[in-house]
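Visitor: Predicted model follows, preceded by the sequence.
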Protein chains: 2
Amino acid sequence: MVAEIVFGGTTISNIKDVAELSGVSVATVSRVFNGYADVSEKTKRRVLEKARELDYAPSAAARTLVKQRSHLVGVVLFTGEDHPDLQHPFFQEVLVGMKHGVGALGYDLLLFATEVPGDNRGPHSYVKRVRHHQIDGVALMGVSRDDLEIQRLLESETPVITIDLEVAGGRSSYVTSDNLGGARLAVRHLHSLGHTKIATIAGPQRMKPSADRLIGYRTELHALGLPSIPGYEQEGDFYLDSGEAAMRTLLALPERPTAVFAAADMMAAGAIRAVDAAGLRVPDDVALVGFDDIQIAPMLSPALTTIRQDKVGLGMAAARSLIELIERPEELNPPVLTLPVELVVRASCGATRRQPAVEGAPRRRKEVAPRRRARG
Amino acid sequence: MVAEIVFGGTTISNIKDVAELSGVSVATVSRVFNGYADVSEKTKRRVLEKARELDYAPSAAARTLVKQRSHLVGVVLFTGEDHPDLQHPFFQEVLVGMKHGVGALGYDLLLFATEVPGDNRGPHSYVKRVRHHQIDGVALMGVSRDDLEIQRLLESETPVITIDLEVAGGRSSYVTSDNLGGARLAVRHLHSLGHTKIATIAGPQRMKPSADRLIGYRTELHALGLPSIPGYEQEGDFYLDSGEAAMRTLLALPERPTAVFAAADMMAAGAIRAVDAAGLRVPDDVALVGFDDIQIAPMLSPALTTIRQDKVGLGMAAARSLIELIERPEELNPPVLTLPVELVVRASCGATRRQPAVEGAPRRRKEVAPRRRARG
DNA sequence: TTGTAAGCGTTATCAG
DNA sequence: CTGATAACGCTTACAA
């Protein structure tokens, strides 16, 4: 009687089946499923029951077709060509947050497979793919090297949210962490530990978060009345090797810094390696504070003191802003969101040692011949 | 003349617009876009040109509706409740591989927002969501604690591929690494370095890869004629803390092992920490080999020797198998794929020291008072 | 080689 | 409060 297809033991039914079984029209079923008020309690209950019996799931495709809205959010992850894809652990956690954020509001995430340069199948540009899938909004993260696509995306009036990337124009906004404040926090912490010769390994300056962290470093230095010493600002690219190289340079400086603020944990990891290689020690010879608090931070030796970004929170905030952009087209673009950061004290800054002084206090790791027990 | 909607400076056009502009019927345009051969070169060219002019992108929703195929692959990530979501770095890379794999074959990834227990919005079970989106196939990764959903998914005849999770029934298959072989490799390597007292920190034994790695450990021990020593098999949960605890136990053993094979890098990181805390050294006192080669492996101190899984390759293989499952419904399920692993030698096993012996050779890190310069 | 027209499963408009 | 029915954009027999 009811036109269902039995498929592998499961029933695939559509709105018509539910309508017939409930003895109402498809329009009514649709109303029930869309939560319209003007349906009698009685029929509503009946429809819902029959739908459950049939294990009915409305077709997203059909709905998208008629409503011109897919309830899908596209995610695009760029990063530099050297480090393709979502290699950086930071993005992983943001993605988790985003997933929860959109999920709670009834959206799903569509992961755009980044185009392989040579491969010319399927729809190409993001803009085109957005239209193809009737994507309601796009989230961008990772380094944009002034990607032209982004401009096109913004011009296309598609709601766009970015993480850590300043965008202007179109229906867009972005979320970021308090990078400036975090950097100040790091410097202040090192200073409170007695350090005055504080250097920094900055990130790529074309990226806003990196620039902000550098400004924060300088600002706090100034606020503390500390001089800025030549060569104390090195630039890396957020990844391990650059941090190692930068630290090597810092260690070779005539006036060697006693503390370093690395603008990313991965670079801090590289820095530790450089210090090790030089036969020196973190934090005894060089105290170190990172930024991000990625998963590896506590696993490094010594465990890394760092400025924690709320990565999951970033993703959730992005999701919420994006959906606001989507669902309130008349409103102004939502505000730029800046999430607070926090200092996580571990071993690399030296704060957990017995003596709060800067100089070579005994390490927890037993040493046969402790050296330079006092230097200042 | 042509019915386009100008929207934010961009044109949204459909198949009808292209047809009219090209002076053909929509059917012909459809044929062109689906690569049917029976279209004259001339009209094909003309249609393609006009489509480009209009910047036409076919509607995925409409196509899905009529073809009952979405070209969408669902991704579900479970992990233990203690470590929700795709927290483990392993999954991130597999995801990248999967993205490329499906992308190359014209599919996109739909990330299922895992249901928050309390939240009752939207379609619930995976099965239902699969049908809702007309998902063509599902990829599962992460720990399944005998999730009931999986059974339902398999019963629903939806193509399912899993990473590292044995599944049976339905249209399904799985991909995994050569866990057994990798474990053997690790043990053999440690033995070749002169070790005979080799312990292991195994993973959760209810998971196939963990079980296989343990079997591999035992097998190789046996093959090398090494005795199995009581207490030498500790079990962790793949995460940091468990590795630390396990190593503590191992260090307290009457016959302390000189080498340890940790069945996961994260656990190896914990193990390093335990060794540090005990005032001992890796690799001098305890040589260590991990498994996975996640991003942090080279960043640990000492850099971790490990068995590398081809994580991106795993993802790509999964993608290919899944799409085969999708596109060749008549064929048998594709074979279980076991990808080879490789030994990556770094510092933690002690192989890179001057003396190939087991005992305390000098570390690269300069020491003020080298101890036990030779012990063997 | 091409066109016509009947769906695919929904929602929305308009009557009742 | 409920029911017909016309879209939505595309594919696919069936005709020509």
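Guide: Done, it's in.
Visitor: Return the nearest residue of the stretch 201-350 of chain A with respect to DNA strand D.
Guide: In the stretch 201-350 of chain A, the residue found nearest to DNA strand D is A:P329; the distance is 17.8 Å by C-beta to the nearest atom of the strand. C-betas here are computed from N, CA, C, even on glycine.
Visitor: My read is that that residue contacts A:T158, right?
Guide: No. Applying C-beta atoms under 8 Å as the test, A:P329 and A:T158 come out as separate, 11.4 Å apart.
Visitor: The two - which one has more neighbours?
Guide: A:T158 (25 against 9; other C-beta atoms under 10 Å in any protein chain shown).
Visitor: Apart from its neighbours in sequence, what residue is nearest that one?
Guide: A:V130 (5.4 Å; C-beta to C-beta, 6 or more residues apart in numbering or on different chains).
Visitor: Next, the buried residues of stretch A:330-350.
Guide: Within stretch A:330-350, the residues that count as buried by 16 or more other C-beta atoms under 10 Å in any protein chain shown are A:333-334, A:337-338, A:341, A:343-344, A:346-350.
Visitor: Out of the residues you listed, flag the one nearest to chain B.
Guide: The shortest gap between chain B and any of the buried residues of stretch A:330-350 belongs to A:A347, at 10.3 Å (C-beta to the nearest C-beta).
Visitor: isn't the closest one right up against A:P302?
Guide: Yes. Judged on C-beta under 8 Å, A:A347 makes contact with A:P302 at a distance of 3.6 Å.
Visitor: Overlap in contacts, these two.
Guide: A:P283 (C-beta atoms under 8 Å, 6 or more residues apart in numbering or on different chains).
Visitor: For A:R131, which non-adjacent residue is closest in space?
Guide: B:A57 (4.4 Å).
Visitor: A:L109 sits in which helix or strand?
Guide: Element membership for A:L109, per DSSP states H and E: strand A:108-111.
Visitor: Neighbouring strands - and their directions - for that strand?
Guide: Partner strands and pairing direction for strand A:108-111 (DSSP bridges) are strand A:72-77 (parallel), strand B:108-111 (antiparallel).
Visitor: hmm, back to that, any idea how far A:V18 is from the residue nearest to A:T158?
Guide: According to C-beta to C-beta, to the nearest Å, A:V130 and A:V18 sit 32 Å apart.
Visitor: Over to A:F112?
Guide: From A:F112 over to A:V18 (counting by C-beta to C-beta), the distance is 34 Å.
Visitor: Which one's more surrounded, the two?
Guide: For A:F112 versus A:V18, the count of surrounding residues by other C-beta under 10 Å is larger for A:V18: 27 against 19.
Visitor: Check which helix or strand the more buried one maps to.
Guide: Secondary structure (DSSP H and E) places A:V18 in helix A:15-22.
Visitor: and that helix, how far out from the chain's middle?
Guide: 44 Å (C-alpha atoms, centre = their mean, to the nearest Å).
Visitor: Name the residues contacting each of A:P329 and A:T158.
Guide: What both A:P329 and A:T158 touch, as defined by C-beta under 8 Å, 6+ apart, is the set A:R171.
Visitor: what kind of secondary structure is the residue nearest in space to the middle of chain A in?
Guide: Centroid check for chain A by C-alpha atoms, centre = their mean gives A:V94 as the closest residue, at 3.6 Å. What DSSP: H, G, I helix; E, B strand; the rest coil gives for A:V94 is helix.
Visitor: Which strand or helix spans the closest residue to it other than its chain neighbours?
Guide: Excluding the flanking residues, the one nearest A:V94 by C-beta to C-beta, 6+ apart is A:G315, at 4.1 Å. Assessed by DSSP H and E, A:G315 sits inside helix A:311-327.
Visitor: Show me what that helix is packed against.
Guide: Applying 3 or more C-beta pairs under 8 Å, 6 or more residues apart in numbering or on different chains; DSSP states H and E, one finds that helix A:311-327 contacts strand A:72-77, helix A:89-104, strand A:137-141, strand A:160-163, strand A:172-177, strand A:337-339.
Visitor: Swap in 7 Å and give it another go.
Guide: helix A:89-104, strand A:137-141, strand A:160-163, strand A:172-177, strand A:337-339 (3 or more C-beta pairs under 7 Å, 6 or more residues apart in numbering or on different chains; DSSP states H and E).
Visitor: related to what we said a few turns ago, could the strands paired with strand A:108-111 go into a markdown table alongside mean pLDDT, mean neighbour count and distance to A:R206?
Guide: A markdown table is the format used below for those (pLDDT from 0 to 100; neighbours: other C-beta atoms under 10 Å in any protein chain shown; distance: least, C-beta to C-beta, whole Å):
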| stretch | mean pLDDT | mean neighbour count | distance to A:R206 |
| --- | --- | --- | --- |
| strand A:72-77 | 90 | 24 | 18 |
| strand B:108-111 | 93 | 23 | 30 |
